[in-house]
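**Q** Here is my input, please return the structure:
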Amino acid sequence: AVVSTQSTGYICQPGGATDVIDCLIISHFHLDHCGSLPYFTEKFGYNGPLIMTAPTRAIAPILLEDYRKITVDRYGETDFFTTQQIKQCIKKVRTIRVHETIQVDKDISVKCYYAGHVLGAGMF
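**A** You can find the predicted model right below:
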């Protein structure tokens, strides 16, 4: 899931995503669900709430780093997120437990339910 500013430009300009997106919820660590997250937070500038379960938070950076290595080292992609950007992105995560409810703001709350798909997967 390589994302460029050209493909996200229809949402908003870099740095403006926080103004139009209330919260990012990552259901599990598969790359089709979290593969563009470092790009979105570190390159595109989203700085709002970012929620996932603790197992997803633990496993996602491993897959993201592997994805980065293959994309950059093997395929030579030059405009891709870095190892440091993965670390910075993951630092921004707020974890949620199964059956826990998080109040995102005065109008939005998020509750996590067991999904059973993979370790740490949640339905929200």
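**Q** Please count neighbours and contacts with C-alpha atoms only from this point.
**A** Will do.
**Q** On the C-terminal side of the lengthiest helix in the chain, identify the next helix or strand.
**A** When secondary structure is assigned using DSSP state H, the longest helix within the chain turns out to be helix 54-69. Per DSSP states H and E, helix 54-69 leads on to helix 83-91 as the next helix or strand towards the C-terminus.
**Q** could you say what helices and strands that next one packs with?
**A** Where contact means 3 or more Cα pairs under 8 Å, 6 or more residues apart in numbering; DSSP states H and E, helix 83-91 is packed against helix 37-38, helix 54-69.
**Q** Could you save those helices as TSV and add columns showing mean pLDDT and distance to Lys92?
**A** Formatted as TSV, the entries for the helices and strands packed on helix 83-91 read as follows, by pLDDT from 0 to 100; distance: least, Cα to Cα, whole Å:
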stretch	mean pLDDT	distance to Lys92
helix 37-38	96	10
helix 54-69	98	10
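**Q** can I get those in TSV with distance to Cys23 and mean neighbour count?
**A** Compiled in TSV, the helices and strands packed on helix 83-91 are given as follows (distance: least, Cα to Cα, whole Å; neighbours: other Cα atoms under 10 Å):
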stretch	distance to Cys23	mean neighbour count
helix 37-38	13	25
helix 54-69	16	18
